[in-house]
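> compute the structure for the input listed below.
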Amino acid sequence: MTAATAAGSTSGRCSEPGLRGAKSGTRAGTTTSAALWALAVIILRADGIDVVAEATNGGEAVEAVRRTRPDVVLMDIRMPEMDGLEATRRILTGVADAPRVIILTTFDLDRYVYAALSAGASGFLLKDVTPEQLTAAVRTVRTGDALLAPTITRRLVQRFAHRGSDTAALHRDLASLTPRELEVLGLLARGLSNAELATRLQLAEATVKTHVARILAKLGLRDRVQAVIVAYETGLVSVGAGGAAQQPTEQT
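Predicted coordinates:
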């Protein structure tokens, strides 16, 4: 497993320590402040994760990721010259087998975090993250899982989502989904886990996982985080009184 990093730095330093994870084969990269990056590198290396690139701004991050092809990128949302949001868009747009991107931020309910998730980031971490949380997050997104709990994702969506956004336009054709898949997507957006979906729909959990995988594939989504965003922005699920998620209809 390998990682790459791109971080704002007053020194303008950009290095590429080889970082390959013998334990899991994951490659990672980071884009954070210099002090946080130094600590992150130590933490990741101690857990057997290879850091293959480091950058001091968004432009360097994009170039480093294209050159080193890490599995995971730790991206600071605010950097000089090009911010982490634009860098995330460029890294993930039109790229086959793109890396997973984890956003590092000071505030969780941040419009920039939401925009990054809409652009394809797999989740975010606060900058006071513990070493255990950092390494667990890198390994989680490497396996294809979303980092955010559905409830946190919904809080972001409810605050910042807008109908008719670019994300909705890209995925508005939900006609490709079967009635059951639409139901699963709606319930997923309301925060149900696979186990809870299985109980609610009286299905085997393996069947639920198959439905979720098909939804992601049909809509061209990377993970459940993007699925939640699309469900709200297309109007499949709306925010009702008191901030509760509401589904217009539930199909069987």
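
> got the residue ranges for the strands in the stretch 1-150 of the chain?
Here the stretch 1-150 of the chain has its strands, by DSSP state E, counting those that start in this stretch, at 2-6, 27-31, 50-55, 72-76, 100-105, 123-126.

> what's the local residue count around residue 186?
Look at residue 186: counted by other CB atoms under 10 Å, it has 20 neighbours. Heads up, the C-betas are built off the backbone N, CA and C, glycines and all.

> and what of the one 10 residues further on?
Each residue near residue 196 was counted by other CB under 10 Å, and the total is 16.

> can you confirm it is in a helix?
Yes. Under DSSP: H, G, I helix; E, B strand; the rest coil, residue 196 falls within a helix.

> that one and residue 184: what is the separation?
According to CB to CB, to the nearest Å, residue 196 and residue 184 sit 11 Å apart.

> low-confidence ranges in the stretch 1-150 of the chain?
When residues are selected by pLDDT under 70, those of the stretch 1-150 of the chain lie in 1-37, 108-109, 146, 148-150.

> rerun at 80
Confidence mapping of the stretch 1-150 of the chain against pLDDT under 80 gives the ranges 1-41, 78-80, 94-96, 105-113, 127-129, 143-150.

> next SSE downstream of the longest helix along the chain?
In the chain, assigned by DSSP state H, the helix with the most residues is helix 205-219. As assigned by DSSP states H and E, the chain's next helix or strand after helix 205-219 is helix 224-233.

> mean confidence for that next one?
For helix 224-233, mean pLDDT rounds to 83.

> hang on, residue 157 packs against residue 228?
Yes. Assessed by CB atoms under 8 Å, residue 157 is found in contact with residue 228 at 6.1 Å.

> tell me which of the two has more neighbours.
Counted by other CB under 10 Å, residue 157 and residue 228 do not tie: residue 228 has more neighbours, with 28 against 24.

> mind listing what the residue nearest to the spatial centre of the chain touches?
What sits nearest the mean C-alpha location of the chain, by CA atoms, centre = their mean, is residue 122, with 1.0 Å. For residue 122, the contacting residues are 100-102, 141, 146-147, 222-223, 225, by CB atoms under 8 Å, 6 or more residues apart in numbering.

> check the gap between it and residue 194 for me.
From residue 122 across to residue 194, the span is 17 Å (CB to CB).

> next one: residue 173
Going from residue 173 to residue 194 by CB to CB gives 25 Å.

> what residues sit buried inside the longest helix of the chain?
By neighbour count on 16 or more other CB atoms under 10 Å, the buried set for helix 205-219 is 208, 211-212, 214-216, 218-219.

> let me have those in a markdown table, adding pLDDT and distance to residue 107 as columns.
As requested, the buried residues of helix 205-219 are exported to a markdown table (pLDDT from 0 to 100; distance: CB to CB, whole Å):
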| residue | pLDDT | distance to residue 107 |
| --- | --- | --- |
| 208 | 94 | 33 |
| 211 | 96 | 34 |
| 212 | 93 | 29 |
| 214 | 95 | 35 |
| 215 | 95 | 30 |
| 216 | 91 | 28 |
| 218 | 92 | 34 |
| 219 | 89 | 29 |
